[in-house]
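Chemist: below are the sequence and a predicted model for it; my questions follow.
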Amino acid sequence: MLDSLGASEGLMSRSAAKASDDEIKPARFAVNDRVKVLTKEGTEVSWGTDEVGMVAVGGRIPLGYYKDPEKTAQTFKVVDGVRYSIPGDYATVDADGTIRLLGRGSATVNTGGEKVYPEEVELTLRKNKAVFDCVVVGVPDTRFGETVVAMVQVTDGYYTDEVELKAFCKSKGLANYKVPRRVLFTDTLRRAPNGKADYKLLREMAADLLAVTGESTSG
């Protein structure tokens, strides 16, 4: 299976995975002369650490957004004389130089002063055979600012519940602040035909479900 990392702002890289792999892993892409992971200050993140930066791609990239100079300036930046496209994908770099994607910045959950990247939590949940599909979103919370909520579609023929999935996440070593505070179940996650999740829609769905039931995310 071939994964391509890219956007309309520029194709970044590609990664191949074997169908026989037992463990579900995030797609991996290597740092190279054209693809970097840069900090806010414009320096490359340190390899083999937990330092987080944003994926930046150089080479043949667009001139900018049509009649939108402000957005163009935010996305296309010159670093050390090289022009990069930085669409907003957070990542770290492993010791061998491969990029570990954490997710798009707009989907990041800010809870209690900590950043939670949905993809990391989603990959953990998908290791449970009862989870057919899932999306993790941040729902407004008076105590934490946002709280981590998982929207889960259960695999046909399986049963699971909120308590079991929370315990499963903890058993896989997920930090407590990353473990979903609430797990909501749905028949469909309403993905687009290309498989993309509509995080804005799902945040609204999660908030509505919690409001209807009168339940709190802080419990």
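Modeler: Everything's here; your move.
Chemist: show me the domain layout of the protein.
Modeler: Domain segmentation of the chain under automatic domain parsing yields 2-104, 108-213.
Chemist: worst average pLDDT in those?
Modeler: Of all those, mean pLDDT reaches its minimum on domain 2-104 (a mean of 84).
Chemist: re earlier: make CSV from the domains of the chain and add mean neighbour count to it.
Modeler: C-beta coordinates here come from the backbone N, C-alpha and C atoms, glycine included. Shown next, in CSV, are the domains of the chain (neighbours: other CB atoms under 10 Å):
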stretch, mean neighbour count
domain 2-104, 15
domain 108-213, 17
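Chemist: from Ala175, how far off is Asp133?
Modeler: Asp133 sits 23 Å away from Ala175, going by CB to CB, to the nearest Å.
Chemist: likewise for Tyr117?
Modeler: Tyr117 is 12 Å from Ala175, by CB to CB.
Chemist: likewise for Arg182?
Modeler: Arg182 is 17 Å from Ala175, by CB to CB.
Chemist: do the same with Asp198
Modeler: Counting by CB to CB, the gap from Asp198 to Ala175 is 27 Å.
Chemist: also Asp80?
Modeler: Where Ala175 is concerned, Asp80 sits at a distance of 34 Å (CB to CB).
Chemist: name the single longest helix found in this structure.
Modeler: Ranked by residue count, the top helix of the chain under DSSP state H comes out as helix 199-213.
Chemist: so which residue is dead centre in this structure?
Modeler: Gly103 (2.7 Å; CA atoms, centre = their mean).
Chemist: distance of the most far-flung residue of the chain relative to its centre from Gly58?
Modeler: Largest separation from the mean C-alpha position in the chain: Gly81, at 29.6 Å (CA atoms, centre = their mean). Applying CB to CB, the value for Gly81 to Gly58 is 11 Å.
Chemist: and the closest residue to Val79 other than its chain neighbours, how far is that from Asp80?
Modeler: Leaving out its chain neighbours, the residue that sits closest to Val79 by CB to CB, 6 or more residues apart in numbering is Gly42, at 4.4 Å. Distance from Gly42 to Asp80, counting by CB to CB: 7 Å.
Chemist: swap in Leu189?
Modeler: Leu189 is 41 Å from Asp80, by CB to CB.
Chemist: give the contact list for Thr75.
Modeler: Residues near Thr75 by CB atoms under 8 Å, 6 or more residues apart in numbering: 9, 64-65, 85-88.
Chemist: just confirm the residue nearest to Val79 is within a helix.
Modeler: No: Gly42 is assigned coil when assessed by DSSP: H, G, I helix; E, B strand; the rest coil, not a helix.
Chemist: quick check, it in contact with Val78.
Modeler: No: using CB atoms under 8 Å, Gly42 is not in contact with Val78; the gap is 9.1 Å.
Chemist: related to what we said a few turns ago, OK, contacts around the residue farthest from the centre of the chain?
Modeler: Taking CB under 8 Å, 6+ apart as the test, Gly81 contacts no residue whatsoever.
Chemist: cool, Phe185 as well?
Modeler: 151-154.
Chemist: ok, now with 7 Å
Modeler: Counting by CB atoms under 7 Å, 6 or more residues apart in numbering, Phe185 makes contact with 152, 154.
Chemist: Glu41 too?
Modeler: Going by CB under 7 Å, 6+ apart, the list of residues near Glu41 is empty.
Chemist: ok, it to Gly53 distance?
Modeler: 10 Å.
Chemist: and what of Met151?
Modeler: 28 Å.
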